[in-house]
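J.: Okay, structure incoming, though there's no sequence with it:
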């Protein structure tokens with residue numbers, strides 16, 4: 001039987017393993033395809049965005065160049081400048097005032113562009129404006145002058161000023177309109193390099209792209225703060241990805257036809273891979289969640305399929321632990337039905353044997369309860385006769401008749417039919433307490449005062465007979481007897497603060513009380529179930545009681561007897577709520593309380609059933 005169940009369990013594990021392996025393969029393939037597609041999309045989007053930025057930057061650069069080209073063209077075609085340079089070519093040198101008048105033309109160029117300085121030179125490279133003796137050949141290489149002559153009036157961009165790195169130079173030849181557009185001199189403009197740093201004017205993409213503008217000689221005009229040592233290599237490479245300072249960049253280049261300069265945009269590869277990393281993390285997390293959900297659903301499906309087997313296995317495990325419950329489930333498999341029938345027959349046979357043993361144990365418990373009850377009756381009768389004796393010795397009055405009547409009722413309640421009166425109503429128990437206190441008041445007279453505080457709504461609650469009276473007796477003998485003056489005995493019935501469905505019954509007195517050492521000795525004696533010490537002992541704090549000796553006024557069985565009866569009569573109550581609770585302090589009295597359920601408990605019903613069974 002166990003071998004068949006093991007085979008079913010092995011088959012289930014193999015099916016789960018196969019399902020999980022298939023799910024892992026599907027998730028890995030789907031994740032790889034998704035990752036590849038999205039990463040390609042991100043790279044394409046990044047390249048497109050970079051091309052747009054490069055196009056906008058190049059357009060901005062072309063606009064700056066066109067503006068400077070237009071302003072310088074207007075200047076060289078100015079009528080006054082044409083006449084002045086024509087006179088210079090014809091051999092008539094301009095005077096100081098004529099040269100100074102060129103300032104107006106220079107200011108016009110500087111006012112509408114980023115040009116910081118305008119310089120005019122004659123055909124023999126002598127400076128006409130500004131007014132100094134600087135020559136053109138001292139500022140630039142002769143090949144740039146030759147290039148300007150070849151362009152025949154078009155603006156030639158030289159690039160960085162060799163003598164001033166913060167300036168960019170451009171030159172154009174002055175063509176004399178009245179002399180068949182022949183060479184009349186040269187106009188050179190000086191522009192601040194910062195004028196070409198227009199990256200801040202481009203749209204903010206939220207990324208750390210770098211912009212580099214280099215002239216035809218691979219000298220940087222705009223460097224964006226990057227330490228680029230090999231600009232020539234960047235200008236001539238065909239690769240779309242380059243490495244600079246151990247960082248990888250995507251490179252996009254734009255060549256300006258007007259200037260021959262190269263505009264380069266460097267986009268960090270890490271900005272693209274950051275998005276891919278987030279995608280990879282999202283795929284891993286979603287795949288993990290999907291795998292976990294698949295495993296959970298697989299286990300649920302497998303459990304639904306193999307539930308009859310698991311129930312039978314669980315029932316068999318419970319049998320080994322002493323819990324014999326039949327397996328009532330039905331299965332469509334013949335083998336499992338045979339197993340269920342065999343197992344249920346075995347459980348029925350074992351339950352019958354256990355029932356016989358249980359009934360024997362219940363009879364034994366009943367005998368123990370009756371023995372404990374019998375311990376109270378002689379003790380109580382002895383104390384009652386002792387009270388009668390003291391009454392006859394001290395008073396000799398007509399009250400003895402009432403006392404005898406009260407004793408008669410009391411004996412009738414105590415010495416009743418044990419097979420009939422084990423459980424009584426709470427009202428009956430409290431009435432018995434009143435009779436007992438009336439009898440004891442004959443002995444103590446005005447020294448004994450009592451108070452019973454209980455709502456009538458609890459009068460129907462069932463309680464074992466003589467459960468409260470031993471506590472009252474103990475309070476009188478050990479609390480009131482050793483006290484000088486009036487003593488108060490209080491019996492209080494109220495809902496338990498721990499459980500609303502239970503009642504708390506408290507018996508308290510205002511006797512001498514006990515110190516902490518004496519109280520602890522009493523509690524330990526009760527837990528051991530031996531002879532109880534005298535509660536409310538008047539011994540001092542330094543003299544602990546003899547917890548193994550009986551009380552001076554009786555056998556000392558009351559407290560441990562009540563504790564044991566509570567444990568036997570109410571076995572279903574939690575351990576934290578069952579048993580006596582004793583509180584006491586020197587000079588303040590003693591209080592003993594316990595909790596019982598308001599409803600009839602299971603033990604009462606089973607105990608009454610045993611009585612009926614035993615009477616047959």
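T.: Yes, it's here. This structure is a prediction, so every number in the text was calculated from the model and none was measured.

J.: Would you confirm that residue 57 contacts residue 264?
T.: No. If you go by CB atoms under 8 Å, residue 57 and residue 264 don't touch, sitting 9.6 Å apart. For every residue, glycine as well, the C-beta is placed using N, CA and C.

J.: Counting by contacts, list what the helix ranked longest in the chain packs against.
T.: As assigned by DSSP state H, the longest helix anywhere in the chain is helix 2-76. Applying 3 or more CB pairs under 8 Å, 6 or more residues apart in numbering; DSSP states H and E, one finds that helix 2-76 contacts helix 103-111, strand 115-121, strand 164-176, strand 182-192, strand 247-255, strand 262-268, helix 269-320, helix 334-394.

J.: Output the below-cut-off pLDDT ranges for the stretch 1-150 of the chain.
T.: Residue ranges of the stretch 1-150 of the chain with pLDDT under 70: 1-16, 19.

J.: The longest helix of the chain versus strand 182-192: what angle between them?
T.: 140 degrees (axes from the mean of the first three to the mean of the last three CA atoms, to 10 degrees).

J.: Helix or strand next in line after helix 2-76, which one?
T.: Counting by DSSP states H and E, the next helix or strand C-terminal to helix 2-76 is helix 79-89.

J.: Give the buried residues for that next one.
T.: 81, 82, 84, 85, 86, 88, 89 (16 or more other CB atoms under 10 Å).

J.: Out of those residues, which two sit at the greatest distance?
T.: Greatest spacing in those, by CB to CB: 81 and 89 (12.6 Å).

J.: Check which helices and strands the helix or strand hosting residue 430 is in contact with.
T.: Using DSSP H and E, residue 430 sits in helix 426-444. Identification of packing neighbours for helix 426-444 by 3+ CB pairs under 8 Å, 6+ apart yields helix 334-394, helix 399-414, strand 448-454, strand 462-464, helix 469-475, strand 487-495.

J.: Low-confidence ranges, the stretch 451-600 of the chain, go.
T.: For the stretch 451-600 of the chain, the stretches with pLDDT under 70 are 529-558, 571-578, 600.

J.: now the helices: where do they sit in it?
T.: Counting by DSSP state H, counting those that start in this stretch, one finds helices in the stretch 451-600 of the chain at the ranges 469-475, 516-528, 558-569.

J.: Quick one: list the elements packing against the first one.
T.: Put plainly, it is helix 469-475. Contacts defined by 3+ CB pairs under 8 Å, 6+ apart place helix 469-475 against helix 334-394, helix 426-444, strand 487-495, strand 502-509, helix 558-569, strand 589-597.

J.: What residues of stretch 117-127 count as buried?
T.: Here stretch 117-127 shows 117, 118, 119, 120, 121, 122, 123, 125, 127 as buried, counting by 16+ other CB under 10 Å.

J.: could I get the residues you listed as CSV with distance to residue 427?
T.: Rendered in CSV, the data for the buried residues of stretch 117-127 read as follows (distance: CB to CB, whole Å):
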residue, distance to residue 427
117, 121
118, 123
119, 127
120, 130
121, 132
122, 138
123, 139
125, 136
127, 132
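
J.: Mind picking the two most distant members of these?
T.: 117 and 123 (21.0 Å).

J.: Now that residue 114 has come up, it's in contact with residue 195, right?
T.: Yes. Residue 114 is in contact with residue 195 according to CB under 8 Å; the separation is 3.3 Å.
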